[in-house]
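Predicted model and sequence below, questions to follow.
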Amino acid sequence: MIPTVRGFCTVATLTVGMMTSHSVLADQAPTAVSAEQPAATLADPLFSEPYIDIDELRETPVRHRYVHGGFKGTDARFSFYFPEKAQYQGRFFEYVTPVPDSENLAQTAGDDKIAFSIASGAYFVETNSGGSSAMAGPAFRADPRIAAYRANAATAQFSRKVAAEFYGPHRSYGYIYGGSGGGYRTLGSMENTTGVWDGAVPFVLGSPMAAPNVFTVRMHAMRVLRDKFPQIVDAMDAGGSGDPYAGLDDEEADALREVTAMGFPLKSWFSHKTMGVHAFTALYQGMTMADPKYFEEFWTTPGYLGANPTSSLKAARLQFSSTVKLALSAVDAEARGVEGARMAGTARGAADSAWQAVVNDGTVRPVAFELDGTPPDVGFMGGDLVILSGAAAGKRLAVSGLSGSIVTLGVVDLATLALVKPGDQVRLDNSNFLAAQTYHRHQVPDARYKVWDQFRDPQGQPIYPQRKINLGPMFAMGAAGTVPTGKFSGKVIVVESLLDREAFPWQADWYRQRFDENLGKDGANHYRLWYVENALHGASEYKEAPNRVIDYTAVLQQALRDVSAWVEKGIAPPATTSYSVNNGQVIVPASADERGGIQPVVMLSANGSKRAVVKVGQKVSFNALVQVPSGTGKVVAAQWDFDGTATFPVSSRIAKPVSRAKLKKTFTFSKPGTYFVAVRAQSQRQGDSKTPYARIPNLARVRVVVQ
């Protein structure tokens, strides 16, 4: 079984080894043609017979020609979305998902990838990266490059043939982009092919040491600090004290220092109640398979936390014996009030298609079990259901959640799941899960990874026992096909989020250092790194807190336009963001021109301060300053949210797009309370206030205490 997770990183696999075209009538040449064709990667014999099974005109989301097909003898499928000839400018954008997904994702995602591409003179390409069999089958285990870039590269090359038949002879410029695990795959594609893609936009990119370490340190902090997060969030919020350590005991302060120094953004704890463990459930299973002795030695060997556990670790350990009372489907579990049960059922089914062959008797698969008894509340975040009797005795099932007496399953082996029956004796045990939470201490890499300096002595040696294997590069290889090195041909713009809880922001700087090592003084002619303020890992995650977080999709759109202009016309994009890395935290300058990049900088005050204290009925004056880095666009819109509902119902009129805008508003609060007022603004490269594309957002907030 190969556990996977949508979102961050990776195929969590540790079995890594390696290491006739369809005629489309056309009578018009493209408006832009590549002058020189780079030496191309040789044709891939696995994908030597492409075919097309759909070729039709479609009207939504915009008028385009839709082409669907695949490669004979494989499960690889693709979709092409071609603009009308008058719109085509000789390029394509190819999106890479975090893990192999549907080749029709853009049709249902609702994020305008198709319409944006066509508006940018490009046709859009998407694939299933070889299909689910590429993820789970023997070919993938022998060669993870199939899902990482081989299927996508073959598709890109074939798309050029179709484009040439439709628009006339030419070579289309190609640009690949993807985030999280797709960021690994994007960079891996650029590093391991030539002549396929001319440029790339990898985003929210993790380093080769990201998984599982960014999650283990986060889980450790979540366990130790679970009762102290409200005061930490308040301290770091607008108008707060700025001291997140106030009121913490020694163990709590140490846990916060550790996770902060590893790179978790201090301001990102605001979603501590909802962010969960993310990819950790699947990665944790990969850890137990790859290094099973660690989970024994953690509790018995000096130098590991479990051998001399703190009182909080002792209190968090759960070993609850019971029997299975009832198996619950996703619908049943949801009806019983188990949050995320339906999502768990969907994710499990999507994560490993091999399950479909294991259990296919028409029965509804359980996603949860009700136990005969309710385990004590220890702040359970995950663990195992150890089967003690019955046909599955001796096996374990991953548990991702606990709600009363109901345990929600994680990614599991369906062959084992099918054997578990009501009445079987089980033990709910989080011992391994707790042990995993400090695994990063025992994975100290080379000196290039500065965030691990906290675990080195003055001579640079690890202060904790080290494991014989380092899992990070193995997980990275599972996604990228090879361990990323930063050696590439072409042009690259990296986009990284400053509030990223899964791909800590310093990791983009790690790649920048590798780029500089490989490119030397010529680096500025090949790459840019743009940091995005107030953005999380996923672009759509802004929805969980729209008055704190922005949607960075527009930054990606502008990056794609800029990298294509760089390649095709030699127009250099705006400079890399100016920043420093201090104790694991990426710090950017306060002013737009000092900061650089392409995102506007927004500043806001209430009665001249970040915190205002007023009476009910007293007017509050709000002043905002929006600055756009020089040469990157104009302010085109701004909206206000006064009551904390995050609906931003009030707009400021921008009569004429400008690079520096001063905004003023007054507001009167009718009820006492603490309010966080936010202003959100957008800039656009050409100052186009009507276009829906490449409107770069940012926001700022202040605290108003109404007495």
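Cool, the structure landed.

Flag the shaky bits of the stretch 301-450 of the chain, pLDDT-wise.
Where the stretch 301-450 of the chain drops to pLDDT under 70, the residues are 339-364.

Equivalent analysis for the chain, please.
Ranges of the chain meeting pLDDT under 70: 1-42, 132-142, 339-364.

looking at it, Leu417 is touching Val367, isn't it?
No: counting by Cβ atoms under 8 Å, Leu417 does not reach Val367; the two are 9.5 Å apart. C-beta coordinates here come from the backbone N, C-alpha and C atoms, glycine included.

Out of those two, name the residue with the larger neighbour count.
The neighbour comparison of Leu417 against Val367 (other Cβ atoms under 10 Å) goes to Val367, with 30 against 21.

Find residues that contact each of Leu417 and Val367.
Here Leu417 and Val367 have Leu409 as joint contacts, going by Cβ atoms under 8 Å, 6 or more residues apart in numbering.

Ends of stretch 235-254, what's the gap?
Stretch 235-254 has its terminal residues 17 Å apart, counting by Cα to Cα, to the nearest Å.

same check, this time on stretch 169-181
35 Å.

Would you mark the buried spots in it?
Residues of stretch 169-181 classed as buried under the neighbour-count rule (16 or more other Cβ atoms under 10 Å) are His170, Arg171, Ser172, Tyr173, Gly174, Tyr175, Ile176, Tyr177, Gly178, Gly179, Ser180, Gly181.

Next one: the residue lying closest to the fourth one once chain neighbours are set aside from Ser564, what distance?
The shortest distance from Tyr173 to any residue that is not its chain neighbour, by Cβ to Cβ, 6 or more residues apart in numbering, is 4.2 Å, and that residue is Arg91. In this structure, Arg91 and Ser564 are 6 Å apart, going by Cβ to Cβ, to the nearest Å.

joint contacts of those two?
What both Arg91 and Ser564 touch, as defined by Cβ under 8 Å, 6+ apart, is the set Ser120, Ala122, Tyr173, Tyr175.

so after the helix or strand containing the last one, what's the next helix or strand?
Meaning Tyr175. Using DSSP states H and E, Tyr175 falls within strand 173-179. Following strand 173-179 in sequence order, the next helix or strand is helix 181-192 (DSSP H and E).

what's the angle between that following helix and strand 173-179?
140 degrees (axes from the mean of the first three to the mean of the last three Cα atoms, to 10 degrees).

Can you pull out the residues in contact with the strand holding Tyr175?
32, 34, 90-98, 122, 152, 156, 160, 185-186, 189-190, 196-205, 537-539, 556, 559-560, 563-564, 567-568.

how many neighbours does Arg548 have?
Neighbours around Arg548, by other Cβ under 10 Å: 21.

Touching, it and Phe270? I think so.
Yes: using Cβ under 8 Å, Arg548 makes contact with Phe270 at a distance of 6.2 Å.

need the helices for the stretch 1-150 of the chain, in chain order.
105-109, 113-119, 132-136, 138-142, 145 (DSSP state H, counting those that start in this stretch).

With adjacent residues omitted, what lies nearest to Gly404?
Nearest to Gly404 is Thr374, by Cβ to Cβ, 6+ apart, at 5.5 Å.

Look at Arg91 and Ser564 and report which has more neighbours.
Under the criterion of other Cβ under 10 Å, the comparison of Arg91 against Ser564 puts Ser564 first, with 27 against 24.

residues touching that one, list them.
Ser564 neighbours (Cβ under 8 Å, 6+ apart): Arg91, Ser120, Ala122, Tyr173, Tyr175, Gly199.

Closest to Val378 out of those residues?
Nearest to Val378 among the contacts of Ser564: Tyr175, at 48.8 Å, using Cβ to Cβ.

Now name the helix or strand holding Val602.
strand 601-606.

Secondary structure element for the nearest residue to Leu187 once chain neighbours are set aside, which one?
Ranked by Cβ to Cβ, 6+ apart and with sequence neighbours excluded, the top spatial neighbour of Leu187 is Pro202, at 4.8 Å. Per DSSP H and E: Pro202 is located in strand 199-203.

Check Val426 too.
Short version, using DSSP H and E: Val426 is in strand 425-429.

Tell me where the stretch 351-500 of the chain has strands.
Applying DSSP state E, counting those that start in this stretch to the stretch 351-500 of the chain gives strands spanning 368-371, 383-387, 396-403, 406-409, 425-429, 491-497.

what sits against Thr300?
So Thr300 contacts Gly306, Ala307 (Cβ under 8 Å, 6+ apart).

any idea how far it is from Ile469?
20 Å.

Hmm, the residue nearest to Tyr173 is touching Ile118, no?
No: in this structure, Arg91 is not within contact of Ile118 by Cβ under 8 Å, at 11.2 Å.
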